[in-house]
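Colleague: need a 3D model of the sequence below.
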Amino acid sequence: MTSCALPARKFPVQKPFVSFLKKHNIHYAWVVLGAACMLNIVARADQSSFGVFIDPLVDKFGWKRGDISFGYSLAFLVGLPAVVLMGWLGDRMGARMLMAGAALMIGGGTVLLGSISELWHFYLIYGFLVGSMGHAAFSVLLPVIMTRWFARNMGIALGIYWAGQGLGPVIFAPLFRWLLETRGWSETFLLIGITIGVILFVFSLFIHNSPAVLGLKPYGASDVDAATAGGKPKAATAPSMTLREIFSQRTIYLLIGIHHVGCVAHALILAHVVSMATFKGIPGMQAATVLAVIAGTSVVSRFVFSVLAEKLGGRTVLTISLIGQALPVVILFFASEAWVFYLFAVVFGLCYGGEMVGFPIINKQLFGPNAPLGSIYSYEMLGASTGMALGGWLGGALFDVFGNYHWPLVASLVIGCVGIPLALALPRHHQAATR
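Modeller: Numbers count the residues shown, from 1 in each chain. Here you go, the predicted model:
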């Protein structure tokens, strides 16, 4: 059986920082988690705030909403090969330099967004640099790295990591809106671009692909070993498999399909909920806050569903999250006041965040810890990226055709429900994937 685990690089002397942590009985896994959370929050600044950009771009350039939304979709489409490439490179050469390069790409691209004057400029800079090539390194590599650093409390660690992602729009959506209204387009992207570029580059240097790189064991590994001492059997785990074996099973296709339809459904909302609110007469800052409330509430589901994924498995967790993100869309059919949009944001956010967070844990459960987890997750991210691309574009295109957001809401509700039977078809928890 082939393993894609990175070979351990030998360090004759521990780095001073690692030695300091060991002296104070602090495992470096917590440093990796803290750095990953910061990267997760900041790397998505532009992408998670996209809904805030639509109205200013319409006002500034007179572009159609469908054309602007295509930039959102283009970022995910262009990112498809980047997602697979990052998963492959991450399994073989590590993540630090890949992330440092992506940090420069996101920071520089954000600064360049302030100088656009044509629609194709927006497509090139946002679609290629910021939203796709730059973001791919962080979105694919970080969750897999978390599973390598934690043998114990992996669900809690990933829950904290995913919760951090929910904080990004809480911070950046209102910040972008306030800066756009007070400083203008160019100065806004200059300030934010420099700031996030520096933060991403610095915190990328704290990331290591696995504990073996620093001569360490995963957090809690000694406890696991102790529990299996004296001839006691280890807990049953799925055997490790090669990528070819994994793609001979239906389970991987179910997971890719679930991630696709789930992302189509919530991209229709995330990319357009701010415009949905302003279309109903809600002031711009209040509308931007709706997106922030969705993200802030999703912090709860991102944490809770990560913990539940470790305990209950993907079948249960994904089914609950898909039901919970589809049904609240009905509220938006009747929303015309700010408090109704806020009510939707809270209810939707409580499950929306759970749709995406369990995949790294589920992969480890179903395919084994020595499987090529980075590559597996990258293919699932293909499903997610195409879903986000389709959903983001579809919302704007349907608005341009019908002149309102009724049919985008119908599409979100129907497509979200399609994922439920796919989730129910997954193996039960602790049941190995079957051919």
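Colleague: C-alpha from now on. contacts and neighbour counts both.
Modeller: Fine.
Colleague: what about the stretch 301-435 of the chain, any weak spots by pLDDT?
Modeller: In the prediction, the stretch 301-435 of the chain carries residues with pLDDT under 70 at positions 429-435.
Colleague: would you state the helices of it in chain order?
Modeller: Under the criterion DSSP state H, counting those that start in this stretch, the stretch 301-435 of the chain contains helices at 314-326, 329-332, 338-352, 354-357, 359-367, 373-402, 406-424.
Colleague: okay, the ones you listed, which one's buried deepest?
Modeller: Mean neighbours per residue, mean count of other CA atoms under 10 Å, is largest over the helices of the stretch 301-435 of the chain for helix 354-357, with a mean of 26.
Colleague: once you drop chain neighbours, what's closest to Gly383?
Modeller: Closest residue to Gly383 in three dimensions, ignoring its sequence neighbours and counting by CA to CA, 6 or more residues apart in numbering: His260, at 4.3 Å.
Colleague: I'd like to know how far the one you found sits from Ala423.
Modeller: In this structure, His260 lies at 12 Å from Ala423, with CA to CA, to the nearest Å as the measure.
Colleague: for Leu129, same thing?
Modeller: For Leu129 relative to Ala423 (CA to CA), the value is 33 Å.
Colleague: next one: Arg96
Modeller: Spatial separation of Arg96 from Ala423 under the definition CA to CA is 34 Å.
Colleague: count of residues packed around the residue nearest to Gly383?
Modeller: Taking other CA atoms under 10 Å as the criterion, the count of residues near His260 is 26.
Colleague: switch to numbering from 55
Modeller: Got it, first residue is 55 now, which makes that one His314.
Colleague: ok, now which ones touch it?
Modeller: When contacts are counted by CA atoms under 8 Å, 6 or more residues apart in numbering, His314 touches 436-442.
Colleague: one more time with 10 Å
Modeller: Shown here is His314, whose contacts under the criterion CA atoms under 10 Å, 6 or more residues apart in numbering are 308, 434-445, 469-470, 473.
Colleague: phi, psi of it?
Modeller: With angles defined as degrees, to the nearest 10, His314 shows backbone torsions of phi -70, psi -60.
Colleague: turn the helices of the stretch 355-489 of the chain into CSV, columns for distance to Leu221.
Modeller: Listed next are these as CSV, based on distance: least, CA to CA, whole Å:
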stretch, distance to Leu221
helix 368-380, 18
helix 383-386, 22
helix 392-406, 12
helix 408-411, 14
helix 413-421, 20
helix 427-456, 19
helix 460-478, 24
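Colleague: between those helices, which gets nearest to Arg237?
Modeller: With CA to CA as the measure, helix 392-406 is the member of the helices of the stretch 355-489 of the chain nearest Arg237 (25.6 Å).
Colleague: packing partners of the closest one?
Modeller: In this structure, helix 392-406 makes packing contacts with helix 304-324, helix 327-333, helix 338-366, helix 368-380, helix 383-386, judged by 3 or more CA pairs under 10 Å, 6 or more residues apart in numbering; DSSP states H and E.
Colleague: still on that earlier bit, quick one: closest of the helices of the stretch 355-489 of the chain to Asn79.
Modeller: Counting by CA to CA, and looking across all of the helices of the stretch 355-489 of the chain, nearest comes helix 413-421 at 26.6 Å.
Colleague: by how many degrees do the closest one and helix 304-324 diverge?
Modeller: With axes from the mean of the first three to the mean of the last three CA atoms, to 10 degrees as the basis, helix 413-421 and helix 304-324 are set at 170 degrees to each other.
Colleague: can you name every helix or strand that helix 413-421 contacts?
Modeller: For helix 413-421, the packing partners by 3+ CA pairs under 10 Å, 6+ apart come out as helix 189-203, helix 208-236, helix 297-300, helix 304-324, helix 338-366, helix 368-380, helix 427-456.
Colleague: next, the angle from it to helix 208-236.
Modeller: Compare the direction of helix 413-421 with that of helix 208-236 by the same axes, to 10 degrees and you get 150 degrees.
Colleague: give me the most central residue, the chain.
Modeller: When the chain is reduced to its mean C-alpha position, the nearest residue by CA atoms, centre = their mean turns out to be Ser193, at 5.5 Å.
Colleague: what stretches of the stretch 205-354 of the chain score poorly on pLDDT?
Modeller: Confidence mapping of the stretch 205-354 of the chain against pLDDT under 70 gives the ranges 276-294.
Colleague: any chance of the helices and strands packed on helix 413-421 in JSON lines, plus distance to Pro110?
Modeller: Rendered in JSON lines, the data for the helices and strands packed on helix 413-421 read as follows (distance: least, CA to CA, whole Å):
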{"stretch": "helix 189-203", "distance to Pro110": "23"}
{"stretch": "helix 208-236", "distance to Pro110": "8"}
{"stretch": "helix 297-300", "distance to Pro110": "45"}
{"stretch": "helix 304-324", "distance to Pro110": "17"}
{"stretch": "helix 338-366", "distance to Pro110": "10"}
{"stretch": "helix 368-380", "distance to Pro110": "28"}
{"stretch": "helix 427-456", "distance to Pro110": "15"}
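Colleague: quick check: the gap between Gly209 and Leu270.
Modeller: 20 Å.
Colleague: more neighbours: the two, which one.
Modeller: Neighbours of Gly209 and Leu270, each counted by other CA under 10 Å, are more numerous for Gly209; the result is 26 against 17.
Colleague: what would the helices and strands packed on helix 392-406 look like in CSV with distance to Val85?
Modeller: Shown next, in CSV, are those (distance: least, CA to CA, whole Å):
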stretch, distance to Val85
helix 304-324, 29
helix 327-333, 35
helix 338-366, 18
helix 368-380, 28
helix 383-386, 38
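Colleague: looking at those helices, which is nearest to Arg202?
Modeller: Arg202 lies closest to helix 338-366 among those, at 14.4 Å (CA to CA).
Colleague: and Ile416, what does it touch?
Modeller: Applying CA under 10 Å, 6+ apart, the residues near Ile416 are 309, 360, 363-364, 366-369, 371, 422, 483.
Colleague: meant to ask about Phe395, not that
Modeller: Shown in contact with Phe395 (CA under 10 Å, 6+ apart): 327-328, 330-331, 336, 340-341, 343-345, 347-348, 385-386, 388-389.
Colleague: buried ones among these?
Modeller: Neighbour counting over the contacts of Phe395 (16 or more other CA atoms under 10 Å) leaves 327-328, 330-331, 336, 340-341, 343-345, 347-348, 385-386, 389 as the buried ones.
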